[in-house]
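# Sequence below, structure please.
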Amino acid sequence: MAPKHHPTPLSGGDRKALTKELRRARAVTTILATRSAEKRAAGETLIREADRLLCQSWNGKMWADGGPVDPSPSIDQAINAGYPWLEIRCSRCKTPRAVDLAALRHVPTTRVHDLAGRLRCVKCSTAGKRPAAELLQLWQRCPIGGAT
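Sure, this is the predicted structure:
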């Protein structure tokens, strides 16, 4: 975008006043941009903290009660909070598995509990069965050595 053109006044006092006001406006713009960046960073930190607390709350609910899994954090909230791994277990053969949420294709608002119907056990599917997965909890690191 081209800089705005301010017509130069004819008198010396008006020229000095215009120069002074332009300098002040540029300084205020810089200060406001800096404050905006600081507030945005603080806001992102607060959002990340809120997402982390939501994931911890959901994990506690899953551990204590085994559910209900709804409401759960969204996949993007879990990733933002630093919980990119979901531990699941096959409801038929009880085989545990870790799912990398960041690798899944999803809509940003997809909730973690919505994945229960989509995730299937690889062992059982080769045997011709299609049981749904049981969601266990979210993890910061892969809870199982051989993640798939």
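# need the next SSE after the longest helix along the chain, C-terminal direction.
The helix spanning the most residues in the chain, taking DSSP state H as the definition, is helix 12-65. Counting by DSSP states H and E, the element after helix 12-65 in chain order, helix or strand, is helix 75-81.
# just checking, what packs against that next one?
helix 12-65 (3 or more C-beta pairs under 8 Å, 6 or more residues apart in numbering; DSSP states H and E). Any C-beta I mention is one placed from the backbone N, CA and C, and that applies to glycine too.
# Check which helices and strands the helix it packs on is in contact with.
Using 3+ C-beta pairs under 8 Å, 6+ apart, helix 12-65 sits against helix 75-81, strand 133-139.
# between it and strand 133-139, how big is the angle?
Helix 12-65 and strand 133-139 are oriented at 130 degrees to each other (axes from the mean of the first three to the mean of the last three C-alpha atoms, to 10 degrees).
# Low-confidence ranges, the chain, go.
Scanning the chain for pLDDT under 70 picks out the ranges 1-3, 5-6, 9-10, 68, 145-148.
# Which residue lies closest in space to the residue most central in space within it, excluding its sequence neighbours?
With the centre of the chain defined as its mean C-alpha position, the nearest residue by C-alpha atoms, centre = their mean is residue 80, 3.1 Å away. Leaving out its chain neighbours, the residue that sits closest to residue 80 by C-beta to C-beta, 6 or more residues apart in numbering is residue 51, at 4.8 Å.
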